[in-house]
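S.K.: I would like the atomic coordinates for the input below:
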Amino acid sequence: MRTWTLALSVFAHAVIVVAILVAPTFATADVPAPHRPLTFETITPIEVPAIAVTPRSQTKSVAPTHTIPVAEPRELPPDVPPIETPPPIPGACDSCGLVGIPVGDGVVGGDLTAPPPPLPPVRHEPVRIGGVIRPPTRVNYVAPVYPQIALASQKEATVILEAVIDEKGSVRELRVLRGHPLFDDAAMRAVAQWQFTPTTLNGTTVPVVMTVTVSFTLTK
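M.R.: Predicted coordinates:
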């Protein structure tokens, strides 16, 4: 069965090949006419008339010029000879004989402004007695005056004052810490006249604050 199928297939292919090769030989139809050749037509250009353009006028601003007339001098000034300064004479005074320059002990060209005022002394705050700061020594003593009213009434009292001693040892301020109305004024009048030695701290004298006790007692 397969042999017959193969033989039939080969025969059919052979018939098709023969038909393709032999068919053009027996063709009787006319050969088709060749295609029409291409033709080119002449194109006439169109002339466009030129458009007249009016040129734009450009105006340039010209800066006005000023003419300065130059006049020649009629006569030339005469030549003035230079002034010759005589050489200085050794040992002569420079300011002697000159008008308008006073001769004196002042310094020529020095600063004529007044010197600045001296600065005020620096005041230190009072330091309270205690520790390394020892109380100053009293060098001038004034005895307090016993009040007549207190003497007549046979009164005795002790007044404690707080005194500020300045750098020179003088009493600058006084304040009553504890006292009696009859004796306070007498105690302050006396202590205000006392004088102490200046107190020194780190090589500089400073004011100090200390307490002063004034006793008023009757003699038996």
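S.K.: Residue 161 and residue 9: what is the separation?
M.R.: 156 Å (CB to CB, to the nearest Å). Glycine gets a C-beta too; all of them are placed from N, C-alpha and C.
S.K.: ugh, typo on my part, it should be residue 127
M.R.: Residue 127 is 143 Å from residue 9, by CB to CB.
S.K.: and the two? which has more neighbours close in?
M.R.: It is residue 127, of residue 127 and residue 9, that has more neighbours when counted by other CB atoms under 10 Å, with 15 against 10.
S.K.: show me the contacts for that one.
M.R.: Counting by CB atoms under 8 Å, 6 or more residues apart in numbering, residue 127 touches 133, 199, 201, 206-209.
S.K.: swap the cut-off to 7 Å and go again
M.R.: 133, 201, 206, 208 (CB atoms under 7 Å, 6 or more residues apart in numbering).
S.K.: Need the pLDDT of it.
M.R.: Here, the pLDDT recorded for residue 127 equals 91.
S.K.: All the helices of this structure, residue numbers only.
M.R.: 2-22, 148-152, 184-191 (DSSP state H).
S.K.: Residue 113 is nearest to which of the ones you listed?
M.R.: Distance to residue 113, taken as CB to CB, is lowest for helix 184-191 among the helices of the chain, at 47.6 Å.
S.K.: Please name every helix or strand in contact with that closest one.
M.R.: strand 157-165, strand 171-178, strand 208-216 (3 or more CB pairs under 7 Å, 6 or more residues apart in numbering; DSSP states H and E).
S.K.: between that helix and strand 171-178, how many degrees?
M.R.: Interaxial angle, helix 184-191 versus strand 171-178 (axes from the mean of the first three to the mean of the last three CA atoms, to 10 degrees): 150 degrees.
S.K.: Identify each buried residue in helix 184-191, please.
M.R.: Neighbour counts over helix 184-191 (16 or more other CB atoms under 10 Å) mark 184, 186-188, 190-191 as buried.
S.K.: any idea which of the helices of the chain is most buried?
M.R.: Of those, the one with the most neighbours on average (mean count of other CB atoms under 10 Å) is helix 184-191, at a mean of 19.
S.K.: Just the CA trace of that one, in CSV.
M.R.: The C-alpha coordinates for helix 184-191 follow below in CSV (Å, rounded to 0.1, in the frame of the first residue of the first chain):
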residue,chain,number,x,y,z
ASP,A,184,24.1,109.9,122.5
ASP,A,185,24.8,113.5,121.3
ALA,A,186,27.7,114.0,123.8
ALA,A,187,29.3,110.6,122.8
MET,A,188,29.1,111.4,119.1
ARG,A,189,30.6,114.9,119.5
ALA,A,190,33.6,113.5,121.4
VAL,A,191,34.3,110.5,119.0
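S.K.: Contacts made by that helix with the rest, please.
M.R.: Residues from elsewhere that reach helix 184-191 (CB under 7 Å, 6+ apart): 142-145, 147, 159, 161, 163, 171, 174, 176, 179, 212, 214.
S.K.: Rounded mean pLDDT for that helix, please.
M.R.: 96.
S.K.: Run through the residues that contact the nearest residue to residue 199 once chain neighbours are set aside.
M.R.: In space, and not counting its chain neighbours, residue 199 is closest to residue 208: 4.7 Å by CB to CB, 6 or more residues apart in numbering. Going by CB under 7 Å, 6+ apart, residue 208 touches 126-127, 129, 133, 136, 165, 199.
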